[in-house]
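Trainee: below is the structure, and that's it, no one-letter string:
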């Protein structure tokens, strides 16, 4: 199973690592509409990054689904966090919204000059997007982006465990065959 | 109202219900005859006698009505007659949330009192899961679920904090026992025991970790704790999210398999024991290749096997025992905790009703996380408070972390003046710590002569096993301890040590018979055996056997150097005889 896919001038790599503790320029956080960090990865950002992240978020109003903003990452290993509000809990037009969220996250990161960006399995787990759906849409969307002279040339997908990695391995293998 | 007018979330709940209906759930949904037997079994009803909305049959009907409307033929043919009614609006979902999360702890006491076998908690859990799937849940449930999904444990404990806590507890233990080898091994491969805990222990009660480590150390256990996948609790059991249930269980199972652990020991937690031991394999669709056991059973066996000694007079305050609903009603773990309690306490007082009929602590496997329902929960805790007060005990013991918090809240609210503790704390307090036997020598023997050598020490006298083990371990050997014949053979077959020391006179089986068993085993017969006996006159029993004689024979009493001399000789290790020590 491939752990790295070459797409145009960019690469997409699969890593089994805690996304909030990875050595990379920026990572995506699947944020809530009110941009409160909350629990889960939000706990890790608050603990490892310190107060500056939430303070920076407080200058924004609520975001609509698919929108994204970039903040610093406080004392974390990454420099930036892309807070992206994706679809959740079986909401309508979920797949389209997920694609748009990924595209918007990439655009916001590009605007900040970021060249290396990590994604979690977008919307899976607590928010209920099925792993295979997330994997398919993420690999499709990120590959399309990487084939079009991307500014972000290093894209990582950070999974927690084997259960999460297998659908992504399958999606990357399918992409390689296409 | 037509399907087109139904809210998106309500439609999704109804569609998803079809995927969750199995024979057990359908059986419970159709079997109720509204006899009312369940009513008085529920602590919510008993604490709210004028409010019928707490009755299990009433609560069940909130779910049953849309099951009948969509999945049962009676609802399609006679909807009004059988009370079939669909869900339409988001407000309907909020009302359902209030019932399934806020008026029931899924304790299953109504289930065991239902003549029709209706398992209300099972389909109440299903309804919770349906609501969670569309994002309708109490805020506390969302917080805990997200922590467990993304951080890997229910309380959002980061890996570095978990490891720091274990290191801290290791240092505490080493200081208390004055033994640098007493500590918590992390990610040790091929251990006999992989010990998993509740994140509450890391965050609020690390003494339970230290107490467990102390017990494992005193028992000479080959044990470890995993650096990841260590949370044996599973919020999927409470929230009804089967996907979360499967993901959490799989992380733990995979970690134990990765470490090649032989047994997963689950610390005292009813929720954790039920989800890991009884439900997780179904959610994860995972076959496990190791044994799973409650730490209550592990501790009890250590005492019975003589691997640890306890002095019950160290716990003299009157205690009572609270059965966790998940342990007692759902897993049948009722007698072992009592047996253990009677071994480590002098004044145990039974609570009534007890075992499977006990009342819920009201903490209910995660109910404490929902602060909006706290007033209801505490009102319903009056039943528990009366039960506790009637025992006259000063300490209530429970084998569940949720119950610890639920009971503590109840005791505080009703001013009962009791303390809550767990069996691990009482066992650790009762432990008799045997001092190492030290034999003065002119100068220390090279400490690593037996490095890498694996030795099985067999004797029914725990003091002697401790002495021999200490001497061998101090010289670098890995020691397995056996206190009877059956244990010796089991360990020998499993570990295939480099040397076996064997007592002749043992209670369950004569040592000479064990020796014969070893010699007749195709694999074990190659392992050298050293007989160490206080009855050398019984050597005939060994030497008259039609087998190759033992490679070593030592009479008790044994000195440290005499033991080392023989062991090294048998293992063909050079023995550095210190000056001034007389040869045996």
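Mentor: Here it is on my side, so go on. Quick caveat, the model's predicted, so the values are computed rather than measured. Residues are numbered from 1 along each chain as shown, chains lettered A, B, ... in the order given.
Trainee: so where's chain B uncertain?
Mentor: B:1-4, B:436-447, B:536-540, B:544-545, B:557, B:573-584 (pLDDT under 70).
Trainee: quick check: residues of it near chain A?
Mentor: Counting by Cβ under 8 Å from any Cβ of the partner chain, the positions of chain B adjacent to chain A are B:8-9, B:12, B:133-135, B:142-147, B:149-152, B:156, B:158-159, B:229, B:243-244, B:246-247, B:250-251, B:254. C-beta coordinates here come from the backbone N, C-alpha and C atoms, glycine included.
Trainee: show the buried residues in those.
Mentor: Buried by 16 or more other Cβ atoms under 10 Å in any protein chain shown: B:9, B:12, B:133-135, B:142-147, B:149-152, B:156, B:158-159, B:229, B:243-244, B:246-247, B:250-251, B:254, out of the residues of chain B next to chain A.
Trainee: residue B:362 belongs to a strand?
Mentor: No - note on residue B:362: no strand contains this position according to DSSP: H, G, I helix; E, B strand; the rest coil, which reports coil.
Trainee: spatially, what comes nearest to it if we skip its sequence neighbours?
Mentor: Nearest residue to residue B:362 in three dimensions, chain neighbours excluded: residue B:381, at 4.4 Å (Cβ to Cβ, 6 or more residues apart in numbering or on different chains).
Trainee: and that neighbour, what does it touch?
Mentor: B:43, B:47, B:361, B:362, B:406, B:409, B:410, B:413, B:414 (Cβ atoms under 8 Å, 6 or more residues apart in numbering or on different chains).
Trainee: over to residue B:131?
Mentor: Residue B:131 is in contact with B:13, B:93, B:96, B:97, B:100, B:101, B:137, B:240, counting by Cβ under 8 Å, 6+ apart.
Trainee: again, but for residue A:138
Mentor: Residue A:138 makes contact with A:102, A:119, A:121, A:122, A:157, A:168, A:171 under the criterion Cβ under 8 Å, 6+ apart.
Trainee: in helices, which of those fall?
Mentor: Among those, DSSP state H puts A:102, A:168, A:171 in helices.
Trainee: so which of those wins on neighbours?
Mentor: residue A:102 (26 neighbours; other Cβ atoms under 10 Å in any protein chain shown).
Trainee: please name the nearest non-neighbouring residue to that residue.
Mentor: Residue A:102 sits nearest to residue A:141 (Cβ to Cβ, 6+ apart), 4.6 Å away.
Trainee: ok, how many other residues are close to that neighbour?
Mentor: Neighbour count of residue A:141, defined by other Cβ under 10 Å: 20.
Trainee: can I assume it sits in a helix?
Mentor: Yes - membership of residue A:141 in a helix is supported by three-state DSSP.
Trainee: residue A:100 is in contact with that one, correct?
Mentor: No - here residue A:141 lies out of contact with residue A:100, judged by Cβ atoms under 8 Å, at a distance of 9.1 Å.
Trainee: among the contacts of residue B:131, which one sits closest to residue A:66?
Mentor: Residue A:66 has its nearest neighbour among those in residue B:137, at 23.4 Å by Cβ to Cβ.
Trainee: now do that closest one against residue B:235, distance only.
Mentor: Between residue B:137 and residue B:235 the computed distance is 11 Å (Cβ to Cβ, to the nearest Å).
Trainee: flag every residue of chain A that's near chain B.
Mentor: Within chain A, the residues that sit near chain B (Cβ under 8 Å from any Cβ) are A:18, A:21, A:38-44, A:47-48, A:88-92, A:125-126, A:128, A:160-163.
Trainee: show me which of these are buried.
Mentor: Neighbour-count burial (16+ other Cβ under 10 Å) is assigned, among the residues of chain A next to chain B, to A:18, A:21, A:38-44, A:47-48, A:88-91, A:125-126, A:128, A:160-161, A:163.
Trainee: in helices, which of those fall?
Mentor: With helices taken from DSSP H, the overlap with those comprises A:41, A:42, A:43, A:44, A:47, A:48, A:163.
Trainee: show me which residues of stretch B:87-96 are buried.
Mentor: B:87, B:88, B:92, B:93, B:96.
Trainee: what does stretch A:103-116 give?
Mentor: A:103, A:104, A:105, A:106, A:108, A:109, A:110, A:114, A:116.
Trainee: and those as CSV, adding secondary structure and pLDDT?
Mentor: Listed next are the buried residues of stretch A:103-116 as CSV, based on DSSP: H, G, I helix; E, B strand; the rest coil; pLDDT from 0 to 100:
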residue, secondary structure, pLDDT
A:103, helix, 98
A:104, helix, 98
A:105, helix, 98
A:106, helix, 98
A:108, helix, 98
A:109, helix, 98
A:110, helix, 97
A:114, coil, 98
A:116, strand, 98
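Trainee: out of those, who's nearest residue B:115?
Mentor: Set against residue B:115, the nearest of the buried residues of stretch A:103-116 by Cβ to Cβ is residue A:105 (57.0 Å).
Trainee: apart from its neighbours in sequence, what residue is nearest that closest one?
Mentor: Nearest one to residue A:105, counting by Cβ to Cβ, 6+ apart, is residue A:84 at 4.2 Å.
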